[in-house]
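A.B. asks: what's the 3D shape of this:
(chains A and B)
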Amino acid sequence: MEDALLGLMALSDPYLLLLLVFATLGGVLIGALPGLNATTGVALLLPFTITMEPIPAIAVLTTIYCAATFAGAITAILINTPGTSASATTCLDGYPMAQRGEAGRALGMAAVSSTIGGIISVICLMLAAPLLSRAAYYFAPPEYFALTLFGLSMLATVGEGTAVKNILSGAFGVLLATVGIDLLTSIDRFTFGYNELSEGIGFVPVMIGVFGISELLVQASQLDVVRKQVIMKKIMLPSRADYKKVWKTILRSSGIGTFIGILPAEGATVASMIGYNEAKRWSKTPEEFGKGAIEGIAGSEAANNAATGGAMVPTLALGIPGSPTAAVILAGMMVHGLRPGPTMFTEQAEFAFAIFWSMMLVNVLFFFIGLYGAKYFARITFIPTQILWPIVFIFSIVGAYALDQSMFDVWIAIGFGFIGFMMRRHGYSVVPMAIGLILGGMLETRFGQSMIMLDEQWWMMVTRPLTAFFLILTALALFGPMVWKKLFTQRDLKNATGSRSDSAFKKNSGE
Amino acid sequence: MNKLSINDKSRWLVPLLICIFCSLTYWQTTLFETVPEILKRGTQPSDFPQMVLFLIAGLAMLILFKDNPKPIAKLEPKVLKTMGLLVGFTLLAEIDMFLGLGVFAASLSFLWGEKRVIALFLVGVLAPVIVFFFFDFIFEIRFPRGILTNIWYG
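C.D. replies: Here you go, the predicted structure:
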């Protein structure tokens, strides 16, 4: 309780409050611009926080995360282009509503459900993160190794690639994390004589490369896309009838979003898809979905914003990112010398609670910004690509340079821009690679420590209950979907063959 | 299982490149120094990267035999030219980072269809200058010396 109050007091600094208002505006701006999303935005703006104290720096990054996740709905509703992938399902009903002159109502519902989803998830974060960290306090290296492995196994379902490609991309990230001096033996690996590589490949230049510069190359192939905005008269709060129709959907999606967010690596996009599908499944009028159902907007938006708070639970409590954007925020924490994990709530509790309160505040802020500023933010989407992206590139390069003031980081960013673009072109998502890079160091260190602890008998890991539990979860995450698919295919096949045999029997018997 | 067609370049090219990369990287790991057995605690520095490389190569083989590759469209001329501009930037940045940024930004904008001089001035001159002074004054970042930055740094 004392820590929560101290965190709240840290947030009462007028400078920090002003910073958060600007960060909210910046986040909404980023989310509203097609091509830029929360992850890219946080990666690009991370270098701007280098001169700040840790609390304002991380509060700014989490604010951008929450605000950008919400703002994706603005363009999804008004121009049928999701500002972020998490808002893709909002397009399905938001744009049809806008086309029939209900853009204001749709945006109002998006703002309300996003705010409620966000606030519920922050409350869960405040309650769950300290509890989880207390449990994790008793984790030894084998448990951490198995947990990190579980986090990495969840990469199978993130991004746009297939499960195998995602895991390969994640493994590539883990391999990149081995560059530099080995922490256990102090021996150089893959440094090729470059001193700049002895501390490893920097997270920030890689993030800027794979999310920012590779997107520039993607944009180069999408220059002919024409965006048409629907005219919006005025934005309005949902009516009493609307609330009556959607309150259950908002609560359900908030729960789904928070839970999905807590799962390592699963972010707002998955949450919004499940939230939308569940809203449709429970609806009395599922046939209206896709044609402008207000429940669709509520289901999608409450879930994707709830996932932001949920994603911060494992990020802060365990040091395992709950979403791609949380992975960049985690990198930001490391840059600022913070160590997310169980000790955060004993040694830096004030910091953790300040982050919680800032997330709570941003949810209230973007409600008003969303209601009164959506019309103006939607216009920003019409900034020509040929003006916007050269400026984004300037920020990317200067940002990559600024952190360590090294041109080597600029080359890293450009190199990973090319790598990221080629990966995306061939169906390999870059998100698992980024998360693999962040978790790779932890995975190897914990593995090495476990080997020392277990006297090089790695199989002893399975004799530890918690380690075995996480290893089983890892196996389920990796092979569960395949086994289910196979089982269902066989059952379907059996049913199909069964019915065919029946008909064949009937035919033969002359019936 | 999908039939493997040897003529299907998109199917085998990427996994093959990944396997070549893994082989070369594995060879690199064999060049790492090792800790003497008597001092060794846990693993050798090459053990973990080698494990990851085996995993990557195994997954690449799985992709080769199991994946359904989608046809990949040829790179559009504008994408290729943008890549060329990026290479140009890396060369020009050796002379001066902000000269490189200005030239790249203006050229990219022009390449992507911007013909208005005022817009090209905005992205090629004004934006780099604002970003330079913003980082110089607010964040006290010292940029690498070059023919343009020397004008300010003296």
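A.B. asks: mind listing the helices for the stretch 251-400 of chain A?
C.D. replies: Counting by DSSP state H, counting those that start in this stretch, residue ranges of the helices within the stretch 251-400 of chain A are A:268-282, A:294-318, A:324-335, A:344-347, A:349-380, A:385-402.
A.B. asks: ok, the residue in the stretch 201-350 of chain A that chain B sits nearest to - contacts?
C.D. replies: Among all residues of the stretch 201-350 of chain A, A:Ala220 sits closest to chain B, at 4.3 Å; criterion: C-beta to the nearest C-beta. Just so you know, the C-beta spots here come from the backbone N, C-alpha and C atoms, and that holds for glycine as well. Residues touching A:Ala220, when contacts are defined by C-beta atoms under 8 Å, 6 or more residues apart in numbering or on different chains, comprise B:76, B:78-79, B:82, B:112.
A.B. asks: 7 Å instead?
C.D. replies: The neighbourhood of A:Ala220, defined by C-beta atoms under 7 Å, 6 or more residues apart in numbering or on different chains, consists of B:78-79, B:82.
A.B. asks: next one: A:Leu473
C.D. replies: A:Phe150.
A.B. asks: Look at it and give its secondary structure.
C.D. replies: Using DSSP: H, G, I helix; E, B strand; the rest coil, the secondary structure recorded for A:Leu473 is helix.
A.B. asks: Against A:Gly151, how distant is it?
C.D. replies: Taking C-beta to C-beta, to the nearest Å as the criterion, A:Leu473 is separated from A:Gly151 by 10 Å.
A.B. asks: Likewise for A:Leu131?
C.D. replies: Summarising the geometry, the distance separating A:Leu131 from A:Gly151, computed by C-beta to C-beta, is 19 Å.
A.B. asks: So if I had to pick from those two, which one is more boxed in?
C.D. replies: Per other C-beta atoms under 10 Å in any protein chain shown, whichever of A:Leu131 and A:Gly151 has more neighbours is A:Gly151, with 29 against 12.
A.B. asks: Hmm, A:Ile320 and the more buried one touching each other?
C.D. replies: Yes. Distance between A:Gly151 and A:Ile320: 4.3 Å, which falls inside the contact criterion (C-beta atoms under 7 Å).
A.B. asks: Which neighbours do the two have in common?
C.D. replies: Between them, A:Gly151 and A:Ile320 share the contacting residues A:264, A:439, judged by C-beta under 7 Å, 6+ apart.
A.B. asks: Show me the shaky parts of chain B.
C.D. replies: Across chain B, the stretches falling below the confidence threshold (pLDDT under 70) are B:1-8, B:10, B:39-41.
A.B. asks: what's the domain layout of it?
C.D. replies: Under the assignment named as automatic domain parsing, the residue ranges that make up the domains of chain B are B:9-66, B:77-153.
A.B. asks: so does the last one get close to chain A?
C.D. replies: Yes. Judged by C-beta under 7 Å from any C-beta of the partner chain, domain B:77-153 comes into contact with chain A at B:78-79, B:82-83, B:86, B:90, B:93, B:101, B:104-105, B:108-109, B:112-114, B:119, B:123, B:127-128, B:131, B:135, B:139, B:141-142, B:144.
A.B. asks: Look up the closest residue to A:Ile329, ignoring the ones flanking it.
C.D. replies: On the basis of C-beta to C-beta, 6 or more residues apart in numbering or on different chains, the spatially nearest residue to A:Ile329 that is not a chain neighbour turns out to be A:Leu61, at 5.0 Å.
A.B. asks: Pull the number of nearby residues for that neighbour.
C.D. replies: Residue neighbour count, defined by other C-beta under 10 Å, stands at 30 for A:Leu61.
A.B. asks: who touches it in this structure?
C.D. replies: Residues counted as contacts of A:Leu61 (C-beta under 7 Å, 6+ apart) are A:42, A:46, A:49, A:329, A:332.
A.B. asks: Let me have the residues you listed in CSV, extended by pLDDT and neighbour count.
C.D. replies: Converted to CSV, the contacts of A:Leu61 look like this (pLDDT from 0 to 100; neighbours: other C-beta atoms under 10 Å in any protein chain shown):
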residue, pLDDT, neighbour count
A:Val42, 89, 29
A:Leu46, 86, 26
A:Thr49, 85, 23
A:Ile329, 90, 29
A:Gly332, 88, 26
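A.B. asks: From B:Lys9, how far off is the spatially most central residue of chain A?
C.D. replies: Centroid-nearest residue in chain A, with C-alpha atoms, centre = their mean: A:Ser323, separated by 3.3 Å. Here the distance between A:Ser323 and B:Lys9 works out to 36 Å (C-beta to C-beta).
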